[in-house]
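**Student:** Okay, predicted coordinates and the sequence, questions at the end:
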Amino acid sequence: MKNSYSFFKYTPKDSRVHLMNSKMKILWFLLSFLFLLLMFDYLSFAIFSLFLLLLIKKTKINTRVYAHNILVFWPLYVLLFILILLIKHDISLSILIVLKFILIITLFLILTFTTSISEIAWGFECLLSPLKKINVPVSKISLKIALWIKFVSNLFDQSKAIRKSMAYRGVPYKGNKIKLFKSMTIPTIRLSYKLSLRTIAVMKLRFYGYSNKRTNYHENKVTNFDKTLIFIDVILLYIAIWLRWIL
């Protein structure tokens with residue numbers, strides 16, 4: 001199946017996950033990420049995997065799209081497994097860490113597929129707003145987080161465009177792999193970086209971050225669905241901490 005969804009790129013839909021309040025969605029994301037960091041048993045992995053699978057169904061995006069994007073990183077999974085195995089000499093731990101990494105990628109996919117860059121920046125800024133009292137540049141930090149996500153999305157978009165361009169010109173994919181990698185990687189990073197700089201320039205023209213008090217043109221209301229996801233994450237965090245304590 002060809003991937004019609006760009007990696008880490010927002011895909012407009014009318015699902016409940018898309019319509020979540022920005023602050024609540026970022027809070028859910030951070031709680032879920034914290035749970036994954038604390039997770040070191042297969043029971044927690046099974047529970048959270050089922051939870052994410054149900055949430056993926058709610059996004060109204062084909063499950064195969066998520067699977068395709070997750071499998072893009074298979075060389076990294078293999079490398080991570082080998083490194084952990086060499087360091088810890090524990091196959092079970094190596095498998096668990098690889099599975100945890102896969103869930104982290106899945107979590108990022110759910111967030112970026114269902115949330116625009118502006119909503120991500122706005123959500124982080126709202127959650128970090130108490131830090132403004134100690135003169136922390138919250139707006140700039142939130143923008144940088146959103147731009148890094150945009151940069152990763154641009155990398156994949158530009159990589160696809162360059163591969164198509166090379167195919168149209170009849171450039172062979174067999175032969176010197178190092179030369180081929182260099183001919184694709186350097187232009188991809190360069191083009192993605194230029195696009196990121198262009199985005200920064202646009203945000204500066206809009207005077208982003210110049211005001212201490214910002215408003216959002218449109219913000220989805222907090223619903224029972226949002227509260228339920230946060231409640232589930234809190235319960236999962238409790239389970240993870242409890243299991244680590246008894247183990």
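**Tutor:** Ah, there it is.

**Student:** in what helix or strand does Leu93 lie?
**Tutor:** Using DSSP states H and E, Leu93 sits in helix 91-114.

**Student:** That helix packs against which elements?
**Tutor:** Judged by 3 or more CB pairs under 8 Å, 6 or more residues apart in numbering; DSSP states H and E, the packing partners of helix 91-114 are helix 22-38, helix 42-58, helix 63-71, helix 74-88. For glycine as for every other residue, the C-beta is placed from the backbone atoms N, C-alpha and C.

**Student:** Which SSE is immediately downstream of the one helix or strand in the chain whose mean pLDDT sits lowest?
**Tutor:** Of all helical and strand segments in the chain, the minimum by mean pLDDT, DSSP states H and E falls on helix 177-205, at a mean of 63. Toward the C-terminus, helix 177-205 is succeeded by helix 224-246 as the next helix or strand (DSSP H and E).

**Student:** so that next one versus helix 42-58, what angle?
**Tutor:** If you take axes from the mean of the first three to the mean of the last three CA atoms, to 10 degrees, helix 224-246 sits at 170 degrees to helix 42-58.

**Student:** which helices and strands sit right next to helix 224-246?
**Tutor:** Other helices and strands packing on helix 224-246, by 3+ CB pairs under 8 Å, 6+ apart, are helix 22-38, helix 42-58.

**Student:** Make CSV out of those helices and add distance to Ile134 and mean pLDDT.
**Tutor:** Converted to CSV, the helices and strands packed on helix 224-246 look like this (distance: least, CB to CB, whole Å; pLDDT from 0 to 100):
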stretch, distance to Ile134, mean pLDDT
helix 22-38, 20, 91
helix 42-58, 34, 90
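
**Student:** Would you mind finding the most buried of the ones you listed?
**Tutor:** For the helices and strands packed on helix 224-246, the largest average neighbour count (mean count of other CB atoms under 10 Å) is found in helix 22-38, namely a mean of 19.

**Student:** could you check the angle helix 42-58 makes with that helix?
**Tutor:** For helix 22-38 against helix 42-58, the angle between stretch directions is 150 degrees (the same axes, to 10 degrees).

**Student:** how far off helix 91-114 does helix 22-38 point, in degrees?
**Tutor:** Using the same axes, to 10 degrees: helix 22-38 against helix 91-114 is 170 degrees.

**Student:** Could you chop this protein up by domain?
**Tutor:** The record assigns the chain these domain ranges, following automatic domain parsing: 1-115+219-247, 138-216.

**Student:** rank those domains by pLDDT, which is bottom?
**Tutor:** Comparing mean pLDDT across these, the lowest value falls on domain 138-216: a mean of 64.
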